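1. have a look at this prediction, sequence included:
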Amino acid sequence: MAEEISITYGSGHAATPALRDVSLNFFPGRLVLVMGPSGSGKTTLLSVLGCMLLPDQGDVHVRGQSVRGLSESQRVDLRRHSIGYVFQAFRLFRSLTALENLVLALDVAGRAKDGAKAKAEQALAAVGLSDKWRLKPGELSGGEKQRVAIARALINDPPIVLADEPTASLDWRSGEGIAAMLLRIAKEHGKLVVVVTHDPRMTPFGQRIVKMEDGRVVEDAEQG
Amino acid sequence: MWLAWRNLNHDRFRFLVTIVGIAFAVFLMIFQGSLLVGFLRASSKSIDVTDADLWIAGRGVESFEFAAPLPERFYDIAVGVEGVEAVYRMTLGFAFWQKPSGMRQSVLLIGAEPGTGSQFPIPYVDAGQTSVASEAVLVDRSNARTLGVDVVPAGTEISARRAQVVEVIDGFGTFFGTPYVFTGYADAVRYLRWPGDAIVFLIVRVQPGHDPQEVKRALQRKLPEVDVWTRDEFSRRARAFWVRKTGAGGAILLVALLGFLVGLVIVSQNIYATTMENLEEFATLKAIGARRWYIQKVVLTQALACGIVGSFVGLLALLPLMEPIRNTISWIDMPWWLPFGMIFVGLLMCVLASVASIKKALAVEPARVFRA
C-alpha cells in the first residue's frame, strides 16, 4: 500500500517532483498495470514500492509493515523475502548460465544448500526453458532472457512481483507471451504483480490499470 | 564464492591482465627483497661469521670495511680485563692485487688470527684450524674472474709481495665492488705495509659464566678511546650504515618500497576496473536483496583469487631466474621466508586494493536497475 507518497529529485530551482501525493492499495492475485508517458513517475513509483527508494513524504506498507521505520538492512531483508523483480534490461548475470542465475537468487536468500539445482530446474521448466539451462544470457533470445528473469523473480516464492517494462525489449510474440505469463502468475499463484509499462500489448492482460501523469495518479480503473 | 570465480573466468582477458600485474608486482617485490636481504647480510657477514662475543673498534667506526687502526697496546689491555677468555687480532685495508695480465686490481685484504671463528675464512694448514698457511690467500668464486684466478693454486702478488691463492670460497663475494681477499693476520700486516699499529679490530671471546654486557662495560672502562660492541650490535650498526648512510643501501630499500607501491597501484587499478565493469551486477545483487557482506565477499574473493594466482605466477617466473641472477649478483639472497612473506604482502595488497572497490560496490544505488 502506498500512502500519500511524494518524491522530489534535485533541490531549489532544479527541483523536479517525481511523485505527488500518490496513494494506492494493492491486493494479492492481481495484475496491475501502471501506465503513463515518459517522466510521469512510473519507474520512481516502482522503486518506492520495491523498497529501493524512500519517499520524501508518505509511507509504503508491504504486507502490513511500514517501510519508513525500517533500517537499510531490514529493507534489504524485506526485498529478499517479499519481492521479486523483473527488469526491462533483464539484469541477468552474464558470467552465469540460466540455471546458475536462479541458483544465485537462492544463494542470496540463503537457500542454496537444499536441492537448489533441482529447484532452479523446476523454475526454468515452469517458464518453458528446461532445455536451455546451460546457456548463458548472451546465448539466449530476448524473450528467453525475460523468462529466465521471471523464473528468478519467482524462485524464492515472494508474494509480490514488480516488473519494469518487461516487454519493451521484446518482439510482438515474445512480449505477448511474457504478458500472459505474468497474468498467470497473478491468477494461479495468487501473487500481486505490478507492471510498469507503456506497451499497449499489455493492456488486455491487466486486471487493473493505473494511469499516471506528472507524478500523479490520474486514473485508476479495474478491467473486465 | 562461485560468482567471483565465474566473473573472473568470464572476462579472461581482464583476469589475465590483473594476473600479469600482480605477478609483476610480486616478482619485483621478491627480487628487490632478495637484493635488500642479500645486501644486509653481505654488509655484516664478516662480523656475523665470527665466534666473537665482543668487538673492539676505533671510536665512531660504523662498518667492517671502513675502520681505523687501534694502538697495539690495546690488545694487551683487553687480554687483562676480567672475564675475557681470549682476544684475536684482525686487520684489513685496501691493497693492490697483481693480475696475470699485468693489470692491477684494488682489493680489500682481511687478515685474522686463528680462533676468530670456524666459519671465518682463513687459509689454515690443518683441519684443526690452528696454523695458518704462509703467503696463502682465499678469494670468493664470484670475484675469481675479476682477480684473474682461473685455477688453484695460483700465484700472484699483493702490494708487490708474493702470495698464492690456495682456495676459492663461496659466500664472501663483494657487495660494494672491491673484491675481498682473506689471509692470516701476519701476512695481512705484511701485505698492507702498515707503518705502525696494524690492528683494526680486536675480537673478544668472553669466559663461560661471565655476562658479555658486564665484560663489555669493563672493557669500555679500561679502553675509553674505543667503541666496544657485542657482535649483534656491531652487525646491526654495519647494516644500518650501509642502508642509511650510503646511496647503494638507500636505493635498494627505496626500490623495494617502490616495488610494493607500484604493485599496489597496478593491483588497485585492475581490481577497481573489474569491480566497475560489474557495477550493474552489484546493483542487481543489491536490488534482489543481497546483504552487504555478500557483496563484500564477492569483491574480496575476486581480489584474493587474483592475488593468489598472480603471486604464484610471479614466484614461478622468478625461481628459474634466480640462478642466472646469482651468477651476476653473488650476494643476492632469497631466504625461504621471503617468497612466503612477499606472497602474503601481495595478498594484503589485493585486500587493500579491494577496499575502494568494495566501497564503490556497496554505494551503488539499487534503484539504478530500473534504468534500461
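-> Received the coordinates, thanks.

2. SS state for the closest residue to chain B within chain A?
-> Closest contact between chain A and chain B, by Cβ to the nearest Cβ, is at A:Arg80 (2.6 Å). To be clear about C-beta, it is placed using only N, CA and C from the backbone, and glycine gets the same treatment. Here A:Arg80 is helix, with the state taken from DSSP: H, G, I helix; E, B strand; the rest coil.

3. list the contacts for it?
-> For A:Arg80, the contact set (Cβ atoms under 8 Å, 6 or more residues apart in numbering or on different chains) comprises A:Val108, A:Ala109, A:Asn156, B:Ile288, B:Gly289, B:Ala290.

4. now do the same contact list for the fifth one.
-> B:Gly289 is in contact with A:Val76, A:Asp77, A:Arg79, A:Arg80, A:His81, A:Ile83, A:Val108, A:Ala109, counting by Cβ under 8 Å, 6+ apart.

5. not counting its neighbours along the chain, what's nearest it?
-> For B:Gly289, ignoring the flanking residues on the chain, the nearest one in space by Cβ to Cβ, 6 or more residues apart in numbering or on different chains is A:Arg80 at 2.6 Å.

6. that neighbour and B:Val243: what is the separation?
-> 56 Å (Cβ to Cβ, to the nearest Å).

7. thinking A:Asp220 is in contact with A:Leu24, fair?
-> Yes - A:Asp220 is within contact range of A:Leu24, at 7.1 Å (criterion: Cβ atoms under 8 Å).

8. these two: who's more crowded?
-> Neighbours of A:Asp220 and A:Leu24, each counted by other Cβ atoms under 10 Å in any protein chain shown, are more numerous for A:Leu24; the result is 18 against 15.

9. for A:Gln65, list each beta-bridge partner.
-> Beta-bridge partners of A:Gln65, counted by DSSP bridges, are A:Val62.

10. mind pulling up the pLDDT for it?
-> You'll see A:Gln65 listed with a pLDDT of 85.

11. what's the burial count for it?
-> Neighbour count of A:Gln65, defined by other Cβ under 10 Å: 13.

12. with A:Ala15 instead?
-> 9.

13. assign a three-state SS to the closest residue in space to A:Ala168 that isn't next to it in sequence, would you?
-> Using Cβ to Cβ, 6+ apart and skipping the chain neighbours, the partner closest in space to A:Ala168 is A:Gln88 (5.1 Å). Using three-state DSSP, the structure places A:Gln88 in coil.

14. residue ranges of the strands in the stretch 1-150 of chain B, please?
-> All strands of the stretch 1-150 of chain B, identified by DSSP state E, counting those that start in this stretch, fall at B:54-58, B:84-98, B:104-112, B:136-140.

15. who touches B:Asp150 in this structure?
-> By Cβ under 8 Å, 6+ apart, the contact set of B:Asp150 is B:Ala144.

16. picking that back up, return the subset of the contacts of A:Arg80 lying in helices.
-> Taking DSSP state H as the definition of helices, the contacts of A:Arg80 contribute A:Val108.

17. what residues does chain A have near chain B?
-> Proximity of chain A to chain B (Cβ under 8 Å from any Cβ of the partner chain) is limited to residues A:43, A:46-47, A:50, A:52-53, A:73, A:76-77, A:79-81, A:83, A:85, A:87-89, A:91, A:93-96, A:100, A:104-105, A:107-109, A:152, A:164-165, A:168-169.

18. between A:Asp220 and A:Leu24, which contacts overlap?
-> What both A:Asp220 and A:Leu24 touch, as defined by Cβ under 8 Å, 6+ apart, is the set A:Val210.

19. still on that earlier bit, which phi and psi does the residue nearest to A:Ala168 have?
-> phi -60, psi -40 (degrees, to the nearest 10).

20. I'd say it and A:Asp164 touch.
-> Yes - using Cβ under 8 Å, A:Gln88 is in contact with A:Asp164, at 5.2 Å.

21. spit out the residues that contact those two alike.
-> Common neighbours of A:Gln88 and A:Asp164 (Cβ under 8 Å, 6+ apart) are B:Phe370.

22. okay, these two: which has more neighbours?
-> Under the criterion of other Cβ under 10 Å, the comparison of A:Gln88 against A:Asp164 puts A:Asp164 first, with 25 against 22.

23. ok, that one touching B:Ala287?
-> No - at 10.6 Å, A:Asp164 does not count as touching B:Ala287 under the criterion of Cβ under 8 Å.

24. so what sits against both of those two?
-> Common neighbours of A:Asp164 and B:Ala287, using Cβ under 8 Å, 6+ apart, are A:Tyr85.

25. how about the residues of chain B near chain A?
-> Residues of chain B found near chain A (Cβ under 8 Å from any Cβ) are B:2-3, B:6-7, B:9-11, B:280-281, B:284-292, B:294, B:365-367, B:369-372.

26. would you list the buried entries among those residues?
-> Buried subset of these (neighbour count, 16 or more other Cβ atoms under 10 Å in any protein chain shown): B:2-3, B:6-7, B:10-11, B:280-281, B:284-291, B:294, B:366-367, B:369-370.

27. middle-most residue in chain A, spatially?
-> Closest to where the C-alpha atoms of chain A average out (Cα atoms, centre = their mean) is A:Leu162, at 1.7 Å.

28. report the contact partners of it.
-> Contacts of A:Leu162 (Cβ under 8 Å, 6+ apart): A:Leu46, A:Leu49, A:Gly50, A:Ile83, A:Gly84, A:Tyr85, A:Val86, A:Val194, A:Val196.

29. give me the neighbour count for B:Phe344.
-> Number of residues near B:Phe344 (other Cβ under 10 Å) recorded here: 13.

30. for B:Ala188, same thing?
-> 26.

31. how much space between it and B:Thr178?
-> Applying Cβ to Cβ, the value for B:Ala188 to B:Thr178 is 15 Å.

32. next: B:Lys45.
-> In this structure, B:Lys45 and B:Thr178 are 15 Å apart, going by Cβ to Cβ.

33. show the buried residues in the residues of chain A next to chain B.
-> Buried among the residues of chain A next to chain B (16+ other Cβ under 10 Å): A:43, A:46-47, A:50, A:52-53, A:76-77, A:79-80, A:83, A:85, A:87-89, A:91, A:93-96, A:100, A:104-105, A:107-109, A:152, A:164-165, A:168-169.

34. where does A:Gln207 land on pLDDT?
-> pLDDT for A:Gln207: 92.

35. correct me, but it touches A:Val195?
-> No - A:Gln207 lies out of contact with A:Val195 (Cβ under 8 Å); the separation is 10.7 Å.
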